[in-house]
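**Student:** Need a 3D model of the following:
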Amino acid sequence: MKRKNPSQASSPNVPIDLTSLLDVIFIFLFIVLASMTVGYSEQKQKLKEKEEIIDEKINEYLNETIDEEAIIQRLEDYDEQYLGTKVKFVSIVGQYSEEEPSIRIIRVDVPDDDPFVVEIYDDDGQNDAYDSIQKYLEEYVADNKGFAIVVSIGEVDILNRDYDAILRRLESISNEYTNVF
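**Tutor:** Prediction:
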């Protein structure tokens, strides 16, 4: 004996095959997912192109060579003309060795001479390196007493401990010599 659902009392009991309806739903779902994947890959490609453009612009900016000697000469001429004092600019830059990243390199650039370079291999030898930088700067300042010496420390790739130690030594030099700024 077949039982009828009470809600279907007025309609005959007809079996409905839902397979074709499910096929249509799955086809629509597949189309939606495929279009999302295509849209995602297009966005990913656009972002990659934008990233490449930004990287190129950053590399162009970093690789631009600034004629530091011309700038320094113009500043010296200006200071000599308007202030009556000759100025020499000294820059101290820290970086890591390209061959061995554990080696820190500190370079002192002076306008009249080749750069003075100190390599720090470990924490035990860093005080000797700082002392050699201080000695070099003291000799340079003593040899150039007729000039105002402006010293700057590059803060980009230098470690904080190197920066602080060199700054303390620069302060002691500026206390000893009146022409160091």
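**Student:** can you give me the end-to-end distance of stretch 119-128?
**Tutor:** 10 Å (Cα to Cα, to the nearest Å).
**Student:** Please apply the same query to stretch 145-161.
**Tutor:** 30 Å.
**Student:** Give me the contacts around it.
**Tutor:** 79, 85-96, 104, 106, 126, 137, 140-141, 163, 166-167, 170, 177, 179-181 (Cβ atoms under 8 Å, 6 or more residues apart in numbering). Using the backbone N, CA and C atoms, a C-beta is placed for each residue, glycine as well.
**Student:** Show me which positions of that stretch end up buried.
**Tutor:** Phe147, Ala148, Ile149, Val150, Val151, Ile153, Ile158 (16 or more other Cβ atoms under 10 Å).
**Student:** hmm, back to that, drop the exposed ones from the contacts of stretch 145-161 and show what's left.
**Tutor:** Buried among the contacts of stretch 145-161 (16+ other Cβ under 10 Å): 79, 87-94, 104, 106, 126, 137, 140-141, 163, 166, 170, 179-180.
**Student:** Mind checking which of the residues you listed land in helices?
**Tutor:** Gln126, Leu137, Tyr140, Val141, Tyr163, Ile166, Leu170 (DSSP state H).
**Student:** Dump those residues into CSV; add distance to Lys44 and pLDDT as well.
**Tutor:** Below are those laid out as CSV (distance: Cβ to Cβ, whole Å; pLDDT from 0 to 100):
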residue, distance to Lys44, pLDDT
Gln126, 46, 78
Leu137, 52, 88
Tyr140, 55, 87
Val141, 57, 86
Tyr163, 41, 84
Ile166, 46, 86
Leu170, 50, 87
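**Student:** among the residues you listed, which two are most distant?
**Tutor:** The largest separation in these, counting by Cβ to Cβ, is between Gln126 and Val141 at 22.3 Å.
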